[in-house]
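> Compute the structure for the input listed below.
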Amino acid sequence: MTVLHGMTWEHARGYDCQVAASQEYARRTGVEVRWEYRSLQAFADAPLAELAERFDLMVIDHPHVPLAVAEGVLAPLDGAGHDDELAALAADAVGSSHASYRHDGRQYGLATDAAAQVAAYRPDRLAAPPRTWEEVLDLAAEGRVLWPCKPIDAYSTLCTLAANRGTPVNAEPGSFLPEEDALSVLDLMHRLCEQVPSWCLDANPIEVAEALAAGAAEPWAYAPLMYGYSNYSRAGFRPHRLKYVDMPAGPRGVAGSQLGGAGVAVSARSRDLDAARAYALWVASPEVQSGIYYDAGGQPGYASSWDDDRLNEDSWDFFRGTRATLEGAWVRPRTAGYLEFQDTVSPWVTEALAGRMTDAELVRRASELAERLLVVEADAHGVEEGASR
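Numbers count the residues shown, from 1 in each chain. Reported below is the predicted structural model:
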């Protein structure tokens, strides 16, 4: 029996779905994939070069692709007998999710999980969600709003709000944001931060979703920006279900949310590249995504699943309810230095929200760093066009 080893992240949406799919795949093909997982933070931080030495398959975050390709860590999926399948998946994309794993004209991953920053609320506590940021602030003043703003999530919100204004980070290579635009975005973030519990400064989207879905007596009913998790919209996952909807409207409507999600990629060090590629294409297929993958807690990444009546009925219209935000999502800069930029700037955003750094100092430092790390456009093959939708 062929045995492959895979690494993913610690959540039903990342691990359980892959295990269930792999069991079915082994039954059909005799190829076994043994999955391990790492924490959500390690998922964002772990160097892929180290993982690629040990694993054939890796579930990755798309901003890792440019650096991983430069380091020779990922095996391209195209040119290996699967180009028709890849073309079908590209045509079935949700926004820029599929294209975000493309680099220098090659496809290095498949968007088996699609997500962006969206809103969520408790229908048993709130008749309808806010639709504008002024409505969000009014609800926050009543003590009913949560917002994940630990460093990476605070930074993600800054990027989302900037892109929604039509002034995305690194709109010009080597730039952060014009100071006036950055200060305007930070002003809105300060106003929101002042109205949410202080523990939100250390919270990620899972922790906020857990708090919203718990049976606690707190009046929390809504979160305006956090990565969507369809698990919390399904019956029985937690004491209360969450309904996910598009992000609050800004100058560009619901466009500009920072694209997240995850994709399955193949290590260039795999002992069996053909077998690893075959599994990646199989788990991304509509049959699997809309079937065993979703049923085991996965969050599909392709439109055929997002349009599926059964999945939407089961998840309180999670997919249709957030689709407009996904279609207009913003893709982070495609430079090899971007991850270092993101990791360095993220804590500064939370420091500024906590009052331990001035907004002007944050903008100055981020601008200087961008001049060094965001100067080279590493990909001009389709992602940028999708990011502007």
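
> I figured residue 335 was touching residue 63, is that so?
No - using CB atoms under 8 Å, residue 335 makes no contact with residue 63, being 9.6 Å away. Glycine gets a C-beta too; all of them are placed from N, C-alpha and C.

> buried stuff in stretch 83-99?
85-86, 88-90, 92-99 (16 or more other CB atoms under 10 Å).

> repeat for stretch 3-15
By neighbour count with 16+ other CB under 10 Å, stretch 3-15 contains the buried residues 4, 5, 6, 7, 8, 9, 10, 11, 12, 13, 14, 15.

> Make sure the third one is indeed in a helix.
Spelled out, that is residue 6. No - per DSSP: H, G, I helix; E, B strand; the rest coil, residue 6 lies outside any helix segment and is strand.

> Return the member of the buried residues of stretch 3-15 nearest to residue 328.
Using CB to CB, residue 13 comes nearest to residue 328 of those, at 22.5 Å.

> OK, contacts around residue 369?
By CB atoms under 8 Å, 6 or more residues apart in numbering, the contact set of residue 369 is 176, 341, 344, 345.

> ok, 10 Å please
176, 337, 340, 341, 344, 345, 348 (CB atoms under 10 Å, 6 or more residues apart in numbering).

> mind listing what's buried in whichever helix or strand the last one is part of?
Think residue 348. Element membership for residue 348, per DSSP states H and E: helix 338-353. Across helix 338-353, burial judged by 16+ other CB under 10 Å covers 338, 339, 341, 342, 345, 346, 348, 349, 350, 351, 352, 353.

> Next secondary structure element downstream of it?
Toward the C-terminal end, the helix or strand that comes next after helix 338-353 (DSSP H and E) is helix 359-373.

> Now residue 261: phi and psi?
Residue 261 adopts backbone torsions of phi 80, psi -170, taken as degrees, to the nearest 10.

> So it is in contact with residue 306, correct?
No - assessed by CB atoms under 10 Å, residue 261 is found out of contact with residue 306, at 11.8 Å.

> Now the common contact residues for those two.
Joint contacts of residue 261 and residue 306 (CB under 10 Å, 6+ apart) are 94, 95, 114, 299, 326.

> burial count for the last one?
What that stands for is residue 326. For residue 326, the neighbour count with other CB atoms under 10 Å is 27.

> got the buried residues of helix 338-353 as CSV, with pLDDT and distance to residue 231 columns?
Putting the buried residues of helix 338-353 into CSV (pLDDT from 0 to 100; distance: CB to CB, whole Å) gives the following:
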residue, pLDDT, distance to residue 231
338, 95, 29
339, 93, 27
341, 97, 31
342, 97, 26
345, 98, 30
346, 98, 25
348, 98, 31
349, 98, 27
350, 97, 26
351, 98, 31
352, 98, 32
353, 98, 28
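
> Between these, which sits nearest residue 210?
Of those, the one sitting nearest to residue 210 (CB to CB) turns out to be residue 350, at 19.9 Å.

> of the contacts of residue 369, closest to residue 26?
Nearest member of the contacts of residue 369 to residue 26, counting by CB to CB, is residue 340, at 38.8 Å.

> Apart from its chain neighbours, what residue comes closest to that closest one?
residue 373 (5.7 Å; CB to CB, 6 or more residues apart in numbering).

> Please name the residues that touch the one you found.
Contacts of residue 373 (CB under 10 Å, 6+ apart): 170, 174, 333, 335-342, 344-345.

> how near is it to residue 66?
Separation of residue 373 from residue 66 (CB to CB, to the nearest Å) stands at 12 Å.

> about what we covered before: ok now the helix holding residue 348, how far from the chain's centre?
The chain centre lies 17 Å from the centre of helix 338-353; the measure is CA atoms, centre = their mean, to the nearest Å.

> what's the angle between that helix and helix 359-373?
Going by axes from the mean of the first three to the mean of the last three CA atoms, to 10 degrees, helix 338-353 is angled at 170 degrees with respect to helix 359-373.

> in this protein, which spans are strands?
Secondary structure of the chain (DSSP state E): strands located at 2-9, 31-38, 57-60, 102-103, 106-107, 110-113, 117-121, 222-227, 243-245, 262-266.

> list the residues that contact both of residue 335 and residue 63?
residue 341.

> Number of residues surrounding the residue nearest to residue 124 when sequence neighbours are not counted?
Excluding its sequence neighbours, the residue lying closest to residue 124 (CB to CB, 6+ apart) is residue 240, at 6.6 Å. As a burial measure, residue 240 scores 15 neighbours (other CB under 10 Å).

> Residue 240 and residue 213: what is the separation?
Taking CB to CB, one finds residue 240 at 5 Å from residue 213.

> and for these two, which residues touch both?
122, 232.

> And residue 96, its phi and psi?
According to degrees, to the nearest 10, residue 96 has phi -100, psi 10.

> my guess is it contacts residue 301, does it?
No - Residue 96 lies out of contact with residue 301 (CB under 10 Å); the separation is 11.4 Å.

> what's the span of stretch 294-311, first residue to last?
By CA to CA, to the nearest Å, the extent of stretch 294-311 from end to end equals 8 Å.

> How far away from the center of its chain is it?
16 Å.

> So which bits of it are buried?
294, 296-306, 308, 311.

> Looking at those, which one is closest to residue 20?
Minimum distance to residue 20 across those is 3.5 Å, recorded for residue 296 (CB to CB).

> before we move on, the earlier item: what's the overlap in contacts for residue 96 and residue 301?
Counting by CB under 10 Å, 6+ apart, the residues touching both residue 96 and residue 301 are 111, 114, 261, 326.
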